[in-house]
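Colleague: sequence and computational prediction follow.
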Amino acid sequence: MKFSFGTKSKVKTKKTILFVCVENAGRSQIAEGFFRKYASEGYESLSAGTKPISQVNPLAIQAMNEIGIDISKQKPKDLFEDMMRNSDMIINMGCMEKNYCPTLFIPKVIDWGIEDPKDKTIESVREIRDEIERRIKELATDVSVAEDNNR
């Protein structure tokens, strides 16, 4: 997969990768945490949801803590148009609720189709976490290569 990035603004120095899902409580929060760990300098991660709930899934927090990444301070956030406009790449984590699916609202989105950890066992959440980590490592490598090629 190849990515290229246009310049959005002369003021903006970091490129933003936006991870979206419906509740912004599990998958997108995990992805935000992993991207912060694996991304090259000059990139930042952000997550949001079309129908966010009040807190991050406790099992997602636990699963991430088990591998040394603390997402306990992250909060679910509403997805706003300016977030989408100001992001260099938008990744939809997957949809369970079709009426609130981010792909309905976001043009040119990459859809990963990852299972929702909501109401799953810790073992299932770990499997979901590991799949997200694999994809984030690949994404971090791809954007780093794209950045090197654009220099």
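Modeller: Yep, that arrived.
Colleague: when you work out contacts or count neighbours from here on, use the C-alpha atoms and nothing else.
Modeller: Will do.
Colleague: spatially central residue in this structure, please.
Modeller: With distances taken as Cα atoms, centre = their mean, the chain has Phe19 as the residue nearest its mean C-alpha position (2.7 Å).
Colleague: that residue contacts Gly26, doesn't it?
Modeller: No. The pair Phe19 / Gly26 is not scored as a contact, 10.9 Å apart, by Cα atoms under 8 Å.
Colleague: buried stuff in the longest helix along the chain?
Modeller: Identified as the longest helix of the chain according to DSSP state H is helix 122-149. Neighbour counts using 16 or more other Cα atoms under 10 Å place 124-126, 128-129, 132-133, 136, 139-140, 142-144, 146 of helix 122-149 among the buried residues.
Colleague: could you say which helix or strand holds Pro52?
Modeller: Assignment of secondary structure by DSSP states H and E places Pro52 within no helix or strand.
Colleague: repeat that for Gly113.
Modeller: If you go by DSSP H and E, Gly113 is not part of any helix or strand.
Colleague: now render the buried residues of helix 122-149 as a markdown table, adding distance to Cys101 and pLDDT.
Modeller: As requested, the buried residues of helix 122-149 are exported to a markdown table (distance: Cα to Cα, whole Å; pLDDT from 0 to 100):
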| residue | distance to Cys101 | pLDDT |
| --- | --- | --- |
| Ser124 | 22 | 98 |
| Val125 | 21 | 98 |
| Arg126 | 23 | 98 |
| Ile128 | 19 | 98 |
| Arg129 | 20 | 98 |
| Ile132 | 19 | 98 |
| Glu133 | 22 | 98 |
| Ile136 | 21 | 97 |
| Leu139 | 22 | 94 |
| Ala140 | 25 | 92 |
| Asp142 | 26 | 85 |
| Val143 | 25 | 82 |
| Ser144 | 29 | 72 |
| Ala146 | 29 | 64 |
